[in-house]
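1. Sequence unavailable; structure follows:
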């Protein structure tokens, strides 16, 4: 089935669209994108209508996607959601499709020459009654003119009902988390062999994606960024894009800007080099563990199921999203705590099932009274079956995921790597401990050891002696690893390319307890919870706040400090020449430095769930004045994917 996302606020043609943004709920990006997709699928009536009661009455239609837009839709809209919008079939553009001449089709595609030609071919062949063509981002004018020429040449203009630009070229994974699905951004912006035009193109692609997010949210934020490097480049270009758009007649933000009660959010843009260690360190909370070890992608994860010895291995794919109460409640909990909650849920389920069975037994001396009572209890039991069945499904899902995680933890000694890295980030470097783990064949794989070595390098206040670095690289080679990524980080440290004092940041939530975490988790599966709950508080104590959360909190609360005083400030609504902070300031600059309750954090070069949860924790730390935070990145990268990019850059740097 297709898992899909729906977006709000960005449908209609490029010239006819307007976005109404209410004062409440502005930061719920997931709901906004869902609403926008819903409007895109609506063929008749007012595309900006908020009336959701008529969704089930929509005309039948076919939805045609490419591989990119399928992934954009997947986390938000399921098959049942599509059916509610009248979509009877969802098909891929690249495959051969049978004609359905009496049904209209909605095409949602990336604007490429290949896709435009294929749509023109479909129109000429009369595959569908009418084609409503929507591009995920603005289509270049030459491409649009070429499409029009082909439609005229093939005499199929009448079949093209609509051509529309949708600013929906981003992936919403959570209520407050998005990705631009640009996994190569870090390499593109840090490649020592890249030309200026390549870097400019990469920056332009990032700016276009961020612009789409802001259009969907309906906000024109104040923009902050550390001066120098990719973050300021993107901030400056985004400021220009917004300024140019705001003075245009067809302004997508018109209604938002006219709202006097609407408070603009703060968008802070960071470069991955600002806090490098968090992208490669080992983790101990549930969602980051699933992403790092099981390959969570588009809110889906595939696990290997345990069977009897000799039985064929089977796989099971699960969806992990907002409709799963256990996932929502425990995504940011430490692994042992999640295991405890899963066991508690299973015991509660078993007790409830036993209670239902007890009540449905016929008993009592009076057979008639017993039968009447049993009938009433049976009706109650039948009514409770759907809820019990759903609870069992969720418990089974997370039990299988936890078992799979536990297998990885035990096989690779992930608890050891997590604890040692945490100690490095809090207490400093210990070369003896590092070399002991690197030379221990029973602990971790080559990638685990490479990650540990780089965290050690980042955690050291000064660059270790060359002899120590050579010994580490030799140990990595002996473990079967590629030291290219370590070489790249070493070069970065030696050239002081990382942001001042911020590289490495914090290791995130978790504990530096000396207790054996794997033994603790094993006990949860092998005996009751009561035997091991003593001392849980020490094991699960919270750790240090990540640097990105600390800086964002400082900026949103307008606290003075050396960490943020030098940040550039852009206000796209301010008069030209007064948008950036520095000598001189204007009204826009003053407002941009005022306390704010809504914020958007964007990480260039790859984000991760550890950073996301650190920001969410920061947002609710003060219950009297909670903040609303949206976290985005060029892509949500696993530590392995990010280290592979570092290795690629290391090889290019060595070859240059």
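-> Noted; the coordinates are in hand. Since this is a predicted model, take the numbers as computed values, not measurements.
2. Thought residue 108 was touching residue 40, still the case?
-> Yes. Look at residue 40 against residue 108 with C-beta atoms under 8 Å: they come within range, at 6.8 Å. For the C-beta atoms, the positions are set from N, CA and C on the backbone; glycine is no exception.
3. Name the residues contacting each of the two.
-> 134, 166 (C-beta atoms under 8 Å, 6 or more residues apart in numbering).
4. Around residue 597, count how many other residues there are.
-> 16 (other C-beta atoms under 10 Å).
5. those helices in the stretch 251-400 of the chain, which residues are they?
-> 254-257, 286-294, 325-330, 335-359, 367-412 (DSSP state H, counting those that start in this stretch).
6. Report the mean confidence score over the second one.
-> Per-residue confidence for helix 286-294 averages out to 96 on the pLDDT scale.
7. and that helix, how far out from the chain's middle?
-> 13 Å (C-alpha atoms, centre = their mean, to the nearest Å).
8. Give the other helices and strands that that helix contacts.
-> strand 300-305, helix 335-359, helix 367-412, helix 609-619 (3 or more C-beta pairs under 8 Å, 6 or more residues apart in numbering; DSSP states H and E).
9. at 6 Å what do you get?
-> helix 609-619 (3 or more C-beta pairs under 6 Å, 6 or more residues apart in numbering; DSSP states H and E).
10. Parallel or antiparallel, list what pairs with the very next helix or strand once past the helix it packs on.
-> Counting by DSSP states H and E, the next helix or strand C-terminal to helix 609-619 is strand 628-633. Sheet pairing of strand 628-633 (DSSP bridges) gives strand 177-179 (parallel), strand 598-604 (parallel).
11. Please indicate which of the helices of the stretch 251-400 of the chain has the most neighbours on average?
-> helix 286-294 (a mean of 23; mean count of other C-beta atoms under 10 Å).
12. Give the residue spans of the stretch 551-656 of the chain that score low on pLDDT.
-> Low-confidence segments of the stretch 551-656 of the chain (pLDDT under 70): 576-592, 656.
13. Pull the residues that contact stretch 145-155.
-> For stretch 145-155, the external contacting residues (C-beta atoms under 6 Å, 6 or more residues apart in numbering) are 116, 120, 124, 157, 160.
14. now with 8 Å?
-> Contacts for stretch 145-155 (C-beta under 8 Å, 6+ apart): 113, 116-117, 119-120, 123-124, 157, 160, 163.
15. go on, stretch 558-567?
-> 224-227, 268, 502, 550-551, 554-555, 581, 593-596.
16. buried subset of the residues you listed?
-> 224-226, 268, 502, 550-551, 554-555, 581, 593, 596 (16 or more other C-beta atoms under 10 Å).
17. Can you list which of these are found in strands?
-> The members of the buried ones among the contacts of stretch 558-567 that map onto strands under DSSP state E are 224-225, 268.
18. List just the nearest of those residues to residue 568.
-> residue 225 (5.3 Å; C-beta to C-beta).
19. so that closest one touches residue 268, yeah?
-> Yes. Between residue 225 and residue 268 there is a contact under C-beta under 8 Å: 6.8 Å.
20. Tell me where the stretch 151-300 of the chain has strands.
-> Assigned by DSSP state E, counting those that start in this stretch, the stretch 151-300 of the chain shows strands spanning 160-165, 171-174, 177-179, 222-225, 266-271, 300-305.
21. could the strands paired with strand 628-633 go into CSV alongside mean neighbour count and distance to residue 186?
-> As requested, the strands paired with strand 628-633 are exported to CSV (neighbours: other C-beta atoms under 10 Å; distance: least, C-beta to C-beta, whole Å):
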stretch, mean neighbour count, distance to residue 186
strand 177-179, 25, 13
strand 598-604, 26, 8
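22. Now the nearest residue to residue 68 once chain neighbours are set aside. Its backbone dihedrals?
-> Excluding the flanking residues, the one nearest residue 68 by C-beta to C-beta, 6 or more residues apart in numbering is residue 110, at 5.0 Å. The phi/psi pair for residue 110 (degrees, to the nearest 10) reads phi -70, psi 140.
23. So for residue 101, which of the strands of the stretch 151-300 of the chain sits nearest?
-> strand 160-165 (14.4 Å).
24. State the pLDDT value of residue 505.
-> Confidence score, pLDDT, at residue 505: 46.
25. about what we covered before: from the contacts of stretch 558-567, which land in helices?
-> 550-551, 554-555 (DSSP state H).
26. between those, which is closest to residue 605?
-> residue 551 (16.3 Å).
27. CSV please, covering the helices of the stretch 251-400 of the chain and showing distance to residue 609.
-> Output for the helices of the stretch 251-400 of the chain, formatted as CSV (distance: least, C-beta to C-beta, whole Å):
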stretch, distance to residue 609
helix 254-257, 30
helix 286-294, 4
helix 325-330, 12
helix 335-359, 14
helix 367-412, 14
